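Chemist: Based on what follows, work out the 3D shape:
(2 chains)
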Amino acid sequence: DIQMTQSPSSLSASVGDRVTITCRASQSISSYLNWYQQKPGKAPNVVIYAASNLQSGVPSRFSGSGSGTDFTLTISSLQPEDFATYYCQQTYSTPRTFGQGTKVEIK
Amino acid sequence: EVQLVESGGGLVQPGGSLRLSCAASGFTFSGYWMSWVRQAPGKGLEWVATINQDGSGKYYVDSVKGRFTISRDNAKNSLYLQMNSLRAEDTAVYYCARDGRSLTGNPFDYWGQGTLVTVSS
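Modeler: Sure, this is the predicted structure:
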């Protein structure tokens, strides 16, 4: 099974900060990497798919990069509505594993 | 508008069974793979199972193999998860999610609101 490791597990940031979250796969997954945002009590929403593609309706301050085993999600200027937990997920093979999540909190 | 609505969750004793349903609308259900994802209280997301368009291909996380069965009825635009021999560690919110048109590479682009399954005596 492919293991997905996110870092950090949590971070504190201020509105306007640039935030970067990393995700590492235990083996190459090409670009089959998605990022989800989840707010408390709600279902996740995809923000980035196939490593670098912005999901329709998602603000352009979100971006993704990487291929192979190392990936990043960047929020260029953190907004109040971005405080949430973010998960990476590989869809290269089954089981379609998720990372453990990164909680973005208000500093 | 794409909608996924889960039902069937509740309180069940260890060793018991439960069947979850997910009613889909707003898209051609038979054209998509579908998946179940769960989230234990205060924990992260865990993929549970995936089924292909005609139901001939099914995939499961190791921890539910032999206990859970994913199925679908394309005529009713519905996805199911039959859960048997339930354990305390199966306690979670269960989400159905729309997968893609193939096994590889697609995000889960639509999710239901989730249904809570609690396994406790």
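
Chemist: Now do the helices for chain A: every range, in order, please.
Modeler: In chain A, no helices are found when defined by DSSP state H.

Chemist: and chain B, which residues reach chain A?
Modeler: B:35, B:44-47, B:50, B:59, B:61-62, B:95, B:100, B:103-109, B:111-114 (CB under 8 Å from any CB of the partner chain). (C-beta placed from N, C-alpha, C; glycine too.)

Chemist: Which of those residues fall within strands?
Modeler: B:35, B:45-47, B:50, B:59, B:95, B:111 (DSSP state E).

Chemist: Would you point out the most distant pair within these?
Modeler: Pairwise distances across these peak at 18.3 Å for B:Tyr59 and B:Trp111 (criterion: CB to CB).

Chemist: More neighbours: which of these two?
Modeler: B:Trp111 (22 against 19; other CB atoms under 10 Å in any protein chain shown).

Chemist: Which residue is the nearest non-sequential neighbour of the residue nearest the centre of chain A?
Modeler: Among the residues of chain A, the one closest to the centroid is A:Trp35, at 3.8 Å (CA atoms, centre = their mean). Nearest non-adjacent residue to A:Trp35, counting by CB to CB, 6 or more residues apart in numbering or on different chains: A:Ile48, 4.1 Å away.

Chemist: Tell me what the one you found is bridged to.
Modeler: Beta-bridge partners recorded for A:Ile48 (DSSP bridges): A:Trp35, A:Leu54.

Chemist: count of neighbours near it?
Modeler: Applying other CB under 10 Å, we find 26 other residues in the vicinity of A:Ile48.
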